[in-house]
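> Need coordinates for the following:
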Amino acid sequence: MTGTPVDLIWLAPALALLGFVLNGTLALTRPNTKTLVSVIGAGVLLAAFAVAVVVFSNFRSLHPEDPVIYRYWSWIPVGTLQVDFAFQVDQLSLVMLLIVTGVGSLIHLFSIGYMKEDPGYARYFAYLNLFVFFMLVLVLGASFPVMFVGWEGVGLCSYLLIGFWFTDAANATAGRKAFIMNRIGDFGFMVAMFMIFWSMGSLDFATVFEHAPTALAPGGAAITAITLFLFLGCTGKSAQIPLYTWLPDAMAGPTPVSALIHAATMVTAGVYLVARCNLLFAMAPVSSAVVAGVGALTALFAATIALKQWDIKRVLAYSTVSQLGYMFLAVGTGAMTAGIFHLATHAFFKALLFLGSGSVIFAMHRAYHHTHVHEDAQDMRNMGGLARYMPWTAALMWIATLAIAGLPPLAGFFSKDEILTAAHARGHVQAIWLVFWGFGLVTALLTAFYMTRLMLYTFHGPNRTGEAERPHLHEAPWIMTGPLAVLGLLTLLGGLLNVPELYRGSAWLHHWLEPVTAPGAALIPDVHLSRSSEWLLVGIAVLTAVVGVVGAWRLLKPAELVPAKQAPEERGFARILRHKWYVDEIYDALFVRPLMWLSREILWKRVDQQAIDGAAVNGAARGARALGWANRWLQTGQVGTYVAVFVVGVLLLLWRALG
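Below is the predicted model:
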């Protein structure tokens, strides 16, 4: 394939990196230059998306079964460890490439309007471009180490962007929390790489997947340990139990950053890793069950928390944690296509929801700015009735809400239904999968309920912003509303990517990904459900979504809601959900405080101050001073004294030698 447009694959990450270099230079030299920053920041992403479309089109026309690997230079030539800096172009990496550059471009365009008044505008776009660069390295890397460069890079960029407004202590703390929690998961990824190299002598994907079936015993301790350590990395990057708590706090960053992290880049990395290593996970049934179980439990747990959050972005954050759980339920089940399909549709409707909430927050901030009122612009209790002032945003967010609820014919219906069907089918082999299916079904009910709650309290009922603020509430500029419209169209039509044969579709994505997913699928028991069973499962899923939406509409009373300052404190179980099951407090008591006590009381005060400073450093100084004090009594200036001491010393030496 040399000489074809597929060779242009390097241009996609190179353009994003160029944007970082240029905007980073402008941030240092001309920080107030916003037009040029906008052109560079969004332009390089649009160009990268164009490259992705060209590469995808040509790869599809050639349709190779094996991945195409481009080796650019020898990166780690150490003995038997030979790692090239290489990109791998195949069906899976191209799907991710299109999602990252396509949705990322829309988020960059939205950012032009959202961040235009921020003094750190150039720095913001430099970080945003760098974020996309590392994500592209992650999904295009042809080996575990190259992927790990992107893996760590998106972690760094998340720290920079979550803590973008670092002068606020809460924002800086949120950035550190994301960085530290991800390092815990990344430790697992590193251990897995060491074990893979020890077992197979290589870290290239092609070599590892070729030798794994003979080098490792299916279901054995080695493959189980490798995949569990890989999944530990996924729990950090993709915010699953127990390492999920950083993601809701990531809302401290600018809203477009939340959209980029949640929809197109960082949090999808774990799902991508499991799909990429589908053969390894298929060889480890225990690990696959753990992946599916943790995903199902996380989906349900996060959905319960979202029921009682009032910050519009936090509701969406816990929704992301929950939807990622769905994706892990899919890939743990072995339905890799279903997981990637939901990753794609989720990118469309979750980006729409976050950017739509950004438009709402933008309008609220503008209204409060004009009236010099200091209220929480993200609290839904301070909103209400915004559909009258922002009809386009309301309509588009309703499309995304119905999609995430799983109502047909929107994108989320097809992908979520495929996941639930796959889990139920595995239940015919092992009963535990029926439990996971039940978790997923209850999660679907809660998702429909809390997302309808978000829409009712934000856009319907009486307006609670205040009379003086209402004249200043209106739609965001076209540079922000335009990307919402595109994402709305993708949310409407995204299900066409993989319409199953049940609906007389071609299941295009399933067939497209077969060259990548086939090795793992061959090791998983194939369970076929009858058409009647499939239609029954579809009916149950749709009925669940309808009950959630209608139930929220009937039970919730937006007219009775009062602004945040007047709202009473939650009590009972509602209080537990409001405080997120007190998981952060539990982590603080079990890990943070003991580690801080160990660091301060033992390592600092005892080891550092007393042992090192006191005994070693200060003790050496005191010993030298004492020796000097004793020695000065020998310096009398009397020659006779010196001779006497000399004679005594000689006699002692002779006595010692002869004795």
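> how far away is residue 49 from residue 312?
Distance of residue 49 to residue 312, given as CB to CB, to the nearest Å: 28 Å. Quick note: C-beta positions are derived from backbone N, CA and C, even for glycine.
> Also residue 403?
For residue 403, the distance to residue 312 equals 18 Å [CB to CB].
> Those two: which is more packed in?
residue 403 (32 against 26; other CB atoms under 10 Å).
> helix or strand for the more buried one, which one?
helix 391-405 (DSSP states H and E).
> how about that helix: buried residues?
For helix 391-405, a neighbour-count test (16 or more other CB atoms under 10 Å) marks 392-394, 396-405 as buried.
> Against which helices or strands is the lengthiest strand in the chain packed?
Longest strand of the chain, by residue count under DSSP state E: strand 68-78. In terms of contacts (3 or more CB pairs under 8 Å, 6 or more residues apart in numbering; DSSP states H and E), strand 68-78 is packed against strand 81-89, helix 144-162.
> For the chain, give me the ranges with low pLDDT.
In the predicted model, the chain carries pLDDT under 70 at residues 1-4, 372-374, 616, 630, 632-634, 636, 659.
> Residue nearest the middle of it, spatially speaking?
residue 267 (2.2 Å; CA atoms, centre = their mean).
> The nearest residue to residue 527 once chain neighbours are set aside: how many residues sit nearby?
Spatial nearest neighbour of residue 527, chain neighbours left out: residue 425 (4.4 Å); criterion: CB to CB, 6 or more residues apart in numbering. Residue 425 has 22 neighbours, counted by other CB under 10 Å.
> so residue 425, which of the three states?
The three-state label given to residue 425 by DSSP: H, G, I helix; E, B strand; the rest coil is helix.
> ok, back up a step: mind putting the helices and strands packed on strand 68-78 into JSON lines with mean neighbour count?
What follows is those, written out as JSON lines (neighbours: other CB atoms under 10 Å):
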{"stretch": "strand 81-89", "mean neighbour count": "19"}
{"stretch": "helix 144-162", "mean neighbour count": "22"}
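> Export those to JSON lines and append columns for distance to residue 599.
Formatted as JSON lines, the helices and strands packed on strand 68-78 follow (distance: least, CB to CB, whole Å):
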{"stretch": "strand 81-89", "distance to residue 599": "35"}
{"stretch": "helix 144-162", "distance to residue 599": "21"}
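> looking at those, which is closest to residue 301?
Within these, the stretch nearest residue 301 is helix 144-162; the backing value is 22.2 Å (CB to CB).
> Show me what the following helix or strand past that closest one is packed against.
Downstream of helix 144-162, the first helix or strand assigned by DSSP H and E is helix 169-200. When contacts are defined as 3+ CB pairs under 8 Å, 6+ apart, helix 169-200 sits against helix 144-162, helix 205-215, helix 221-237, helix 246-249.
> Now helix 169-200: buried residues?
Those would be 171-172, 174-179, 181-182, 185-186, 188-189, 191-193, 195-197, 199-200, for helix 169-200 by 16+ other CB under 10 Å.
> what angle separates it from helix 221-237?
160 degrees (axes from the mean of the first three to the mean of the last three CA atoms, to 10 degrees).
> unless I'm mixing things up, residue 157 is touching residue 137, no?
No - Residue 157 is beyond contact range of residue 137, at 11.5 Å (criterion: CB atoms under 8 Å).
> Could you name the helices and strands sitting against the biggest helix by length in the chain?
When the chain is parsed with DSSP state H, its longest helix is helix 336-371. With contacts taken as 3+ CB pairs under 8 Å, 6+ apart, helix 336-371 sits against helix 91-114, helix 255-259, helix 269-276, helix 312-333, helix 391-405, helix 411-426, helix 478-493, helix 508-521.
> buried residues in it?
Quick answer for helix 336-371 (16+ other CB under 10 Å): 336-364, 366-368, 371.
> Can you classify residue 384 by secondary structure?
Under three-state DSSP, residue 384 comes out as coil.
> since we're on the residue nearest to it when sequence neighbours are not counted, how many residues are nearby?
Counting by CB to CB, 6+ apart, residue 464 is the residue found nearest to residue 384 once chain neighbours are left out, at 4.3 Å. Residues lying near residue 464 (other CB under 10 Å) number 22.
> Check the secondary structure at residue 464 for me.
Recorded secondary structure, residue 464: coil (three-state DSSP).
> isn't it right up against residue 381?
Yes - between residue 464 and residue 381 a contact is recorded at 6.6 Å, counting by CB under 8 Å.
> which residue ranges form the helices in the stretch 501-650 of the chain?
For the stretch 501-650 of the chain, helices defined by DSSP state H, counting those that start in this stretch occupy the ranges 508-521, 531-555, 573-578, 583-587, 593-597, 619-631, 639-658.
> looking at these, which is buried most?
Each of the helices of the stretch 501-650 of the chain was scored by mean neighbour count; the highest is helix 508-521, a mean of 18, by mean count of other CB atoms under 10 Å.
> now for that one, which elements pack on it?
Counting by 3+ CB pairs under 8 Å, 6+ apart, helix 508-521 packs on helix 91-114, helix 269-276, helix 278-282, helix 336-371.
> Nearest to residue 12 among those would be which one?
helix 91-114 (6.3 Å).
> Next, the angle from that closest one to strand 68-78.
Calculated by the same axes, to 10 degrees, helix 91-114 forms an angle of 90 degrees with strand 68-78.
> buried stuff in the helix or strand where residue 300 lies?
Assessed by DSSP H and E, residue 300 sits inside helix 285-306. Going by neighbour count (16+ other CB under 10 Å), the buried part of helix 285-306 is 285, 287-306.
> helices and strands around it, which ones?
If contacts are counted by 3+ CB pairs under 8 Å, 6+ apart, helix 285-306 sits against helix 221-237, helix 278-282, helix 312-333, helix 432-459.
> Can I get it in PDB, CA atoms only?
Output of helix 285-306 as PDB, limited to C-alpha atoms (Å, rounded to 0.1, in the frame of the first residue of the first chain):
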ATOM      1  CA  PRO A 285     -12.700 -15.800  30.900                       C
ATOM      2  CA  VAL A 286     -12.300 -14.800  34.500                       C
ATOM      3  CA  SER A 287     -10.900 -11.400  33.500                       C
ATOM      4  CA  SER A 288     -13.800 -11.000  30.900                       C
ATOM      5  CA  ALA A 289     -16.300 -11.700  33.600                       C
ATOM      6  CA  VAL A 290     -14.600  -9.100  35.900                       C
ATOM      7  CA  VAL A 291     -14.600  -6.500  33.100                       C
ATOM      8  CA  ALA A 292     -18.300  -7.100  32.500                       C
ATOM      9  CA  GLY A 293     -19.200  -7.200  36.200                       C
ATOM     10  CA  VAL A 294     -17.300  -4.100  37.100                       C
ATOM     11  CA  GLY A 295     -18.900  -2.300  34.100                       C
ATOM     12  CA  ALA A 296     -22.400  -3.400  35.000                       C
ATOM     13  CA  LEU A 297     -22.000  -2.400  38.600                       C
ATOM     14  CA  THR A 298     -20.400   0.900  37.700                       C
ATOM     15  CA  ALA A 299     -23.200   1.700  35.300                       C
ATOM     16  CA  LEU A 300     -25.800   1.100  38.000                       C
ATOM     17  CA  PHE A 301     -23.900   2.800  40.800                       C
ATOM     18  CA  ALA A 302     -23.200   6.000  38.900                       C
ATOM     19  CA  ALA A 303     -26.800   6.200  37.700                       C
ATOM     20  CA  THR A 304     -28.100   6.200  41.200                       C
ATOM     21  CA  ILE A 305     -25.800   9.100  42.100                       C
ATOM     22  CA  ALA A 306     -26.900  11.100  39.100                       C
END
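> follow-up on the earlier one: mutual contacts of residue 464 and residue 381, please.
Common neighbours of residue 464 and residue 381, counting by CB atoms under 8 Å, 6 or more residues apart in numbering, are 561, 562, 563.
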